[in-house]
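Undergrad: okay, sequence plus prediction incoming.
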Amino acid sequence: MKRVIFTVIVLGLTLSSSCQTKEIESKFNFGFEKIENGKPTGWYNFGSADYQIYLDSVSVKSGKYSAVIEYGGETSNYKALAFTLPHNYEGKQITLSGYIKTENVADGYAGLWMRIDPGIAFDNMHQRGITGTTDWKKYEVTLQMNPSETEQIVIGGLLVGKGKMWLDDFSITIDGKDIKDAQTYKKEEVPADKDREFDNGSNIIFPVLDEQLMTNLELLGKLWGFLKYHHPAAGKGDYNWDYELFRILPEYLNAGNNNRRDKILLTWIEKYGEIPACETCKETLSDAYLKPDLSWVDNSNMDITLKKRIKDIYMNRHQGKHYYIAMFPGVGNPEFKNEKPYSNTPYPDAGFRLLSLYKYWNMIQYFFPNKHLTDKNWNDVLKEYIPLFLSAKNELEYELVSIQVIGEVNDTHANLWGGKDKVEELRGNMYAPFKVRFIEEKLVVTDYYNPELKESAGLEIGDVITHIDGKTTELIVDSLKKYYPASNEAARLRDISADLLRSQNQVVNVKYVSSGQIKQKELILYPRANLNMYHWYRVNKDEKCYKLLDGNIGYVTLASINNEDVPVIKETFKDTKGIIIDIRNYPSAFMPFSLAPYFVSSPTPFVKFTNGNINNPGEFTFSSDLNIPGTEEIYQGKLVVLVNELTQSSAEYTAMSFRAGENTTIVGSTTAGADGNVSTIVLPGGLRTMISGIGVYYPDGKETQRIGIVPDVKIEPTINGIKAGRDEVLEKAIEIINEQ
C-alpha cells in the first residue's frame, strides 16, 4: 500500500466571524451542492494531473451532487480534494465524517483525510484505506486539537493509485458538537505575523563572490541562526526573522573588511534591545550526550567585543515557548514552527535562496540529533554551499543543490520529498517493465511488474544490466549518488536502482549479460500507470500475513499484518518449532508492544532516545530505557527476524523490539539506518524535507543511525539464487530454526 504524505496549499479561504449560521453552512458546502463554474464552491485540489475531479448528479448519497475523483492517466500517484476550514476552533478533539463509494480502487486506497497545521496532527487513512468496489458507507477521521498552536485545519478526500471514488455528505464535529455551534479560537498575532514587507521578493543583489565576502556570508548565516534560536526578541516573535536577514544584507554585502563587518553586526544585534538577565538559563548538563557547538564563535576572526556579545546572549538566551521551535509532546522531536514555504515562487530569488540555506543549516546545527554522525564537519558545510545556492540559475538547479545539501546530513529520512517538480521532469515518467536491484554489486533484474511484458522486453530474471544508453551502470551510479540522500550505501543504492531505467524517452538502450552471453536491447519503457509497479516490495493483500511452512515453522510478514492478527498468530504458532518474522518491508501495523512481548518473559529494555532542548539549542540528553513488557505465555521456540535495506524507520524500531526476545536471531543484511520520529522542514520555493528527529540507541548506548540493525547472521541474495527463484535469506532462517 502506498503511503502518502503531502503539504496542503493554502488558498486563502476566509469567512467573517460575524457570518450568520446559514451563511456559514453555505460556505462549508459539505454536501457539494453549491456550484461555481462546474466545481463545488470553496473546494480545491492538488496532486497528480492524471486524475479528474468532477461532480456526479446520478450516484449521490443525498442531495443533487456528489464529488468524484477518478484516475485516468499516465502516472498513478494520488489526487486530493481539499477544503480549508474558515477558522481555528476551541476544543480538544475534531472529527471529520463523510460518505465514500468506490469502484475498482487498486494499487493504493481511497479515504478521508484531515490535517492540523503546522504539523500538529494528520490522518489520511493510509492504514485502513478503502480498496476495490464498495457502496456508500460512512467513514471518520479524528484528531486531537491544539488551538493555541494551530494555523489552519484542512479536510478532504483522497485517492491513491487507480480507480474511482465518490464523496458526499461531509460533516465536522468538535468535542461532539457540530462545527456551526463551535467557538472560534482567536490567536493573538505577534509582530512577526504582521511583517509582509518582502512577500514579493527580497530585492537583494549580490556582488561577485570573493573569499572575504564568502567568509562574511558564512559568519552572517551562523549568527543569524544563533540569534533566531537564542535571542529573546526572535523567540517571542517580535520580529520576522526571515525578513530581518533581508534588512541587514544590503549594507552587509558592502562591508568589505573585518572591522567594518563586525561593527555592522554589533549594530544589528543592538537593534533588538538589551537582554534581561536570565535566571533560569542553565549550563549544559554534564551528562548531556551532545552539547551545543559554538566553536564557530571562537574559531572565527570576529573581534573580541562581538564574540563577547554573542556569548552574553547565549548565557541569557530565550527560555520557554518559542515562536520558531517546539518539541512534539510525548515524543520530543523538533517541530519547526512558523516557517513559511513561500510556495508562490518555485524558483526563489537570490536572497530567498540564501535564506533557504541559512534556515536548513541552522535547523541541523541546533536540532538534528545525529549531526555528529555526518561525513563532513557540519561547521564546514555552510560556506561550501553559499556559492552553489547563489549561482543556481533556474528552478531545476535550485532543487538539485537543495537535494545535495540535504544529502550532507546522511539521513535516509532526509530527502526532497516535496517541491521537486523539475527533478521529477528530468528523471522522466517512463519506466522499464521490470524491477532491478543491486545484487553482488551488480544491477540485476529481479521481478516483472507485468509478466505479460516479459517476452517483448526480452530480459530474464537474474540478467545483469551493465550499460544504459552507452554508459556503465557504475559510472551512472557514481554521477547520481550526490542526488540520493541516504544514511548508508545500501539505502542509497536501493533508491538509485528505482530510477536507473526511468527516462523521458520511450526507449533506452541496455547492454546486459544473460546466461553468460553479452546482449544488447532497445528496451521499451511504459508510463507508470500501465505497469503494476510497486515501490520496494510486492504485497498480496489477498493472502494472510501468516502461514505454516514445512517442518512446523511459522512465517509472518509485517507488510500486511493487522493488530487483529496477533492473537491468531500466537494461537496458531504456539506449538511450532520456530517463528520467522519478515521485516524486509514497512510494517502495516505497530508491533513492538503487541507481538514483541510474546518473546520475552519479563520487562526487557530494548531502546533509548536522545532528545533536543529548546532552552539550550544543541543539547541532547538520553531518555530512560524503554521496555518490552513481559508475558507469562512466552513463546518457547526460536524466533528469527529477517531484515535488509528495505527495513527502515518504524521497521528498524520494530526489529529492535524483537531483538529483545530471549531466543532471537536477526538474519539478513544492512538496514536503511534511519530510525526515529521524523520532523518536517519547509524551505523557500515550496520545498519540503524531513529529518530523523530523535536519536535512537540500544540500551547499551550503541547507535542505530546510519548503522541500522546489524544482523547476527549476515546473508544476502545471490544472482544464482535470483535466477532460481530462491529466497536465500528465508532459507537461512529455516536452517537456523532446524539446527539442534
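TA: Sure thing, it's come through.

Undergrad: check contacts around Arg538.
TA: Taking CB atoms under 8 Å, 6 or more residues apart in numbering, we find Arg538 in contact with Asp447. All C-beta spots, glycine's among them, are computed from the backbone N, C-alpha and C.

Undergrad: swap the cut-off to 10 Å and go again
TA: Residues near Arg538 by CB atoms under 10 Å, 6 or more residues apart in numbering: Lys435, Asp447, Tyr449, Asn532, Ala559, Asn585.

Undergrad: cool, and Ala559?
TA: With CB under 10 Å, 6+ apart, Ala559 has these contacts: 1, 536-541, 545, 582-588, 646, 651.

Undergrad: circling back to that earlier point, now, the contacts of Arg538 that are in strands?
TA: Counting by DSSP state E, the contacts of Arg538 place Lys435, Asp447 in strands.

Undergrad: show the buried residues in the contacts of Arg538.
TA: The neighbour count (16 or more other CB atoms under 10 Å) marks Lys435, Tyr449, Ala559, Asn585 as buried among the contacts of Arg538.

Undergrad: turn the residues you listed into JSON lines, columns for pLDDT and distance to Asp242.
TA: Shown next, in JSON lines, are the buried ones among the contacts of Arg538 (pLDDT from 0 to 100; distance: CB to CB, whole Å):
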{"residue": "Lys435", "pLDDT": "97", "distance to Asp242": "43"}
{"residue": "Tyr449", "pLDDT": "96", "distance to Asp242": "45"}
{"residue": "Ala559", "pLDDT": "93", "distance to Asp242": "42"}
{"residue": "Asn585", "pLDDT": "95", "distance to Asp242": "41"}
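
Undergrad: out of those, which is nearest to Asp238?
TA: Comparing the buried ones among the contacts of Arg538 against Asp238 with CB to CB picks out Asn585 as the nearest, at 48.5 Å.

Undergrad: distance of that closest one from Ala288?
TA: In this view, Asn585 and Ala288 are 36 Å apart by CB to CB, to the nearest Å.

Undergrad: next: Asn29.
TA: Note on Asn29: its distance to Ala288, by CB to CB, is 53 Å.

Undergrad: need phi/psi at the residue lying closest to Asn104 once chain neighbours are set aside.
TA: Leaving aside its chain neighbours, Asn104 sits nearest to Gly163 (4.6 Å; criterion: CB to CB, 6 or more residues apart in numbering). Here is the backbone geometry of Gly163 (degrees, to the nearest 10): phi 120, psi -160.

Undergrad: show me the contacts for Gly163.
TA: By CB under 10 Å, 6+ apart, Gly163 lies in contact with 69-71, 76, 102-110, 130-133.

Undergrad: narrow the residues you listed to just the buried residues.
TA: Buried among those by 16+ other CB under 10 Å: Ile69, Glu70, Tyr71, Ser76, Thr102, Val105, Asp107, Gly108, Tyr109, Ala110, Ile130, Thr131.

Undergrad: pretty sure the second one sits against Met165.
TA: This points to Glu70. Yes. Contact criterion CB atoms under 10 Å: Glu70 and Met165 qualify, at 7.7 Å.

Undergrad: intersection of neighbour lists for the two?
TA: Lys79, Glu103, Leu159.

Undergrad: from those residues, which is closest to Ser97?
TA: Closest approach between the shared contacts of Glu70 and Met165 and Ser97, by CB to CB: Leu159, at 18.4 Å.

Undergrad: ok so, going back, and the shared contacts of Glu70 and Met165 as a markdown table, adding secondary structure, distance to Glu489 and pLDDT?
TA: Below are the shared contacts of Glu70 and Met165 laid out as a markdown table (DSSP: H, G, I helix; E, B strand; the rest coil; distance: CB to CB, whole Å; pLDDT from 0 to 100):
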| residue | secondary structure | distance to Glu489 | pLDDT |
| --- | --- | --- | --- |
| Lys79 | strand | 35 | 88 |
| Glu103 | strand | 43 | 95 |
| Leu159 | strand | 36 | 93 |
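
Undergrad: need the pLDDT of Gly225.
TA: Note for Gly225: predicted pLDDT of 98.

Undergrad: for it, which non-adjacent residue is closest in space?
TA: Of all residues not flanking Gly225 in the chain, Asn362 sits nearest, at 2.7 Å (CB to CB, 6+ apart).

Undergrad: ok, now Ile204?
TA: Looking at Ile204 with CB to CB, 6+ apart, the closest residue is Gly351, at 3.4 Å.

Undergrad: can you tell me the SS state at the one you found?
TA: Counting by DSSP: H, G, I helix; E, B strand; the rest coil, the backbone at Gly351 sits in helix.

Undergrad: who's in contact with Arg128?
TA: Taking CB under 10 Å, 6+ apart, we find Arg128 in contact with Tyr109, Gly111, Tyr139, Val141, Asn562, Ser588, Ala589.

Undergrad: quick one on the thing from earlier: which of the contacts of Ala559 fall within helices?
TA: Among these, DSSP state H puts Ala651 in helices.

Undergrad: any of the contacts of Ala559 buried? List them.
TA: For the contacts of Ala559, buried by 16+ other CB under 10 Å: 1, 536, 539, 545, 582-588, 646, 651.

Undergrad: name the nearest of the residues you listed relative to Thr621.
TA: Using CB to CB, Ala651 comes nearest to Thr621 of these, at 26.4 Å.

Undergrad: could you measure from the closest one over to Lys570?
TA: To Lys570, Ala651 is 21 Å away according to CB to CB.

Undergrad: check pLDDT for the buried ones among the contacts of Ala559 and point me to the minimum.
TA: Ranking the buried ones among the contacts of Ala559 by pLDDT, Met1 lands last with 32.

Undergrad: re earlier: want to try JSON lines for the contacts of Arg538, with distance to Asn344 as columns?
TA: Below are these laid out as JSON lines (distance: CB to CB, whole Å):
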{"residue": "Lys435", "distance to Asn344": "38"}
{"residue": "Asp447", "distance to Asn344": "42"}
{"residue": "Tyr449", "distance to Asn344": "38"}
{"residue": "Asn532", "distance to Asn344": "38"}
{"residue": "Ala559", "distance to Asn344": "40"}
{"residue": "Asn585", "distance to Asn344": "39"}
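
Undergrad: please enumerate the strands of the stretch 601-740 of the chain.
TA: With DSSP state E, counting those that start in this stretch as the criterion, the stretch 601-740 of the chain has strands at 604-611, 621-622, 626-628, 638-643, 664-668, 678-683, 687-692, 695-697, 713-714.

Undergrad: the stretch 301-450 of the chain too?
TA: In the stretch 301-450 of the chain, the segments counted as strands under DSSP E, counting those that start in this stretch are 325-327, 334-336, 430-431, 434-439, 442-448.
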